[in-house]
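Participant: After the sequence you'll find the predicted model.
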Amino acid sequence: MDNQALNELEVVIPNLHWRYSGVTATNRMIAPRLARLCRAAWLGRHRPDGIVPLSLRDFLRLRRAPRTRPCVWHARRNDEMLAGLLLRLLGWPLKLVFTSAAQRRHTWITRRLIARMDAVIAASAAAASFLRRESTVILHGIDAQTYSPPADRQAAFAATGLPGKYGIGCFGRVRAQKGTDVFVKAMCRLLPEHPDFTALVIGPITSDQRIFAAALKRRAQNAGLQDRVRFLGELPIEDVPQWYQRISIYAFTSRVEGFGLTLLEAMAAGAGLVAARAGAAEQVVTQGDTGVLVPPGDVDALVEALRPLMREPARAAEMGRRARARVIAEFSVDAEAEKIAAFYRQL
């Protein structure tokens, strides 16, 4: 980055987490749009196309670059907030912004860090309610071009070579927090009734969750469903959208969630949706119209909500069409970027 570009830089988007996560996915989706609205650069791993990288050398030079106003440092994690505070203490010209998506009481260290931010964005009204300071609510959006319905969903599924005619999916890290066990238990009851379906679990299994994941695989095997409950692991970022196109139904089973971006991804791709009342589900899903809401951790409720959609895949398809229309109308990532850019300008 040349000297003038450093002098005019308005926003640094740090992504300091080494593992790909939902926060990273959110960052990657919004950053290129922000870069079209303000002079922004990406610092860290997993940089998407459409935003310039800020190298370590560039960042060191930024401290001494002549400026007329500070640069926004937009953190989304504790380590990024802490880094911003330390950098400002060492002389970097930074205004510190944090986006909070968590819908739970924050730990003492998170509360201390948030209190020292210049401004805070909450990803939902529920997330704002757990903050002990003023915040601005800006709901997440989705790229409805990247996450879009296929021309022929059955053909897209058939191309995978998996058993049956239809897919039902649960995406995200394999762990109790995400309710992966709730999904697998429901599938062990429903798949024998619906031989045309195969269940797909897509997401990383971290070292601390291997025992948990092995128990779920054994449960499927004991039910004689090892070929129809597939754990596909962590996939390349660019491959995930096509798996939403291959499934007819998406199950959002989180017990605890910040926002739950997979809700919008599945809706944008036109999949029928059953969602636990976690994260932003109640704000995103119109009950009985664009999805069905169930209590978190309730296997019986999940089974009863999924059964009619599995019995009538055309019903799931119609729900998916309504869901995509709502995403386009109300949850555009471009609208989210414009709101965040306006928020920056107020600083």
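Facilitator: Yes, it's here.
Participant: I'd assumed E336 was in contact with L139.
Facilitator: Yes: when contacts are counted by Cβ atoms under 8 Å, L139 is listed as touching E336 (6.9 Å). All C-beta spots, glycine's among them, are computed from the backbone N, C-alpha and C.
Participant: Packing partners of the helix or strand that Y244 is a member of?
Facilitator: Taking DSSP states H and E as the criterion, Y244 maps to helix 240-246. Where contact means 3 or more Cβ pairs under 8 Å, 6 or more residues apart in numbering; DSSP states H and E, helix 240-246 is packed against helix 153-158, strand 166-171, strand 197-202, helix 261-268.
Participant: and the ones you listed, which is most packed in?
Facilitator: Highest mean neighbour count among those (mean count of other Cβ atoms under 10 Å): helix 261-268, with a mean of 28.
Participant: domains of the chain?
Facilitator: Following automatic domain parsing, one finds the domains of the chain at 3-141+332-346, 153-330.
Participant: most packed of the ones you listed?
Facilitator: Scoring the domains of the chain by mean count of other Cβ under 10 Å, the most buried comes out as domain 153-330, with a mean of 20.
Participant: quick one: contacts for Q287?
Facilitator: L293 (Cβ atoms under 8 Å, 6 or more residues apart in numbering).
Participant: Would you mind naming the residues that bridge with it?
Facilitator: For Q287, the beta-bridge partners under DSSP bridges are G291.
Participant: mind checking pLDDT for it?
Facilitator: As predicted, Q287 sits at a pLDDT of 96.
Participant: so T286 touches R326, yeah?
Facilitator: Yes: look at T286 against R326 with Cβ under 8 Å: they come within range, at 6.8 Å.
Participant: Give me the three-state assignment for the residue lying closest to L54 once chain neighbours are set aside.
Facilitator: Leaving out its chain neighbours, the residue that sits closest to L54 by Cβ to Cβ, 6 or more residues apart in numbering is A41, at 3.9 Å. Under DSSP: H, G, I helix; E, B strand; the rest coil, A41 falls in the strand class.
Participant: What of the one 5 residues further on?
Facilitator: Here H46 is recorded as coil under three-state DSSP.
Participant: Look up phi and psi at it.
Facilitator: Per-residue torsions, H46: phi 60, psi 30 (degrees, to the nearest 10).
Participant: coming back round to it: what's the helix holding Y244 in contact with?
Facilitator: By Cβ under 8 Å, 6+ apart, helix 240-246 touches 146-150, 153, 156-157, 159-160, 167, 169, 171, 200, 202, 232, 235, 250, 265-266, 268-269, 271.
Participant: switch to 7 Å and redo it
Facilitator: The contact list for helix 240-246, computed with Cβ atoms under 7 Å, 6 or more residues apart in numbering, reads 146-147, 149-150, 153, 156-157, 160, 167, 169, 202, 265-266, 269, 271.
Participant: Which one of the helices and strands packed on helix 240-246 lies nearest to E304?
Facilitator: Nearest to E304, of all these, is strand 166-171, at 14.8 Å by Cβ to Cβ.
Participant: Show the secondary-structure elements that the helix or strand following the closest one is packed against.
Facilitator: On the C-terminal side of strand 166-171, the nearest following helix or strand under DSSP H and E is helix 180-190. Applying 3 or more Cβ pairs under 7 Å, 6 or more residues apart in numbering; DSSP states H and E, one finds that helix 180-190 contacts strand 197-202, helix 210-222, helix 299-311.
Participant: Of these, which is nearest E257?
Facilitator: Using Cβ to Cβ, those put helix 299-311 closest to E257, at 15.3 Å.
Participant: right, and the helix or strand after that closest one?
Facilitator: Following helix 299-311 in sequence, per DSSP H and E, is helix 313-330.
Participant: I'd like the average pLDDT over that next one.
Facilitator: 96.
Participant: What is that helix packed up against?
Facilitator: Counting by 3+ Cβ pairs under 7 Å, 6+ apart, helix 313-330 packs on helix 261-268, strand 272-276, helix 299-311.
Participant: Dump these to a markdown table, plus distance to Y244.
Facilitator: Listed next are those as a markdown table, based on distance: least, Cβ to Cβ, whole Å:
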| stretch | distance to Y244 |
| --- | --- |
| helix 261-268 | 6 |
| strand 272-276 | 11 |
| helix 299-311 | 16 |
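Participant: Sketch out the helices for the stretch 51-200 of the chain, chain order is fine.
Facilitator: 56-62, 78-89, 108-115, 125-129, 153-158, 180-190 (DSSP state H, counting those that start in this stretch).
Participant: Serialize the ones you listed to JSON lines and add fields for mean pLDDT and distance to I30.
Facilitator: Below are the helices of the stretch 51-200 of the chain laid out as JSON lines (pLDDT from 0 to 100; distance: least, Cβ to Cβ, whole Å):
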{"stretch": "helix 56-62", "mean pLDDT": "89", "distance to I30": "21"}
{"stretch": "helix 78-89", "mean pLDDT": "96", "distance to I30": "15"}
{"stretch": "helix 108-115", "mean pLDDT": "96", "distance to I30": "20"}
{"stretch": "helix 125-129", "mean pLDDT": "88", "distance to I30": "16"}
{"stretch": "helix 153-158", "mean pLDDT": "97", "distance to I30": "27"}
{"stretch": "helix 180-190", "mean pLDDT": "98", "distance to I30": "27"}
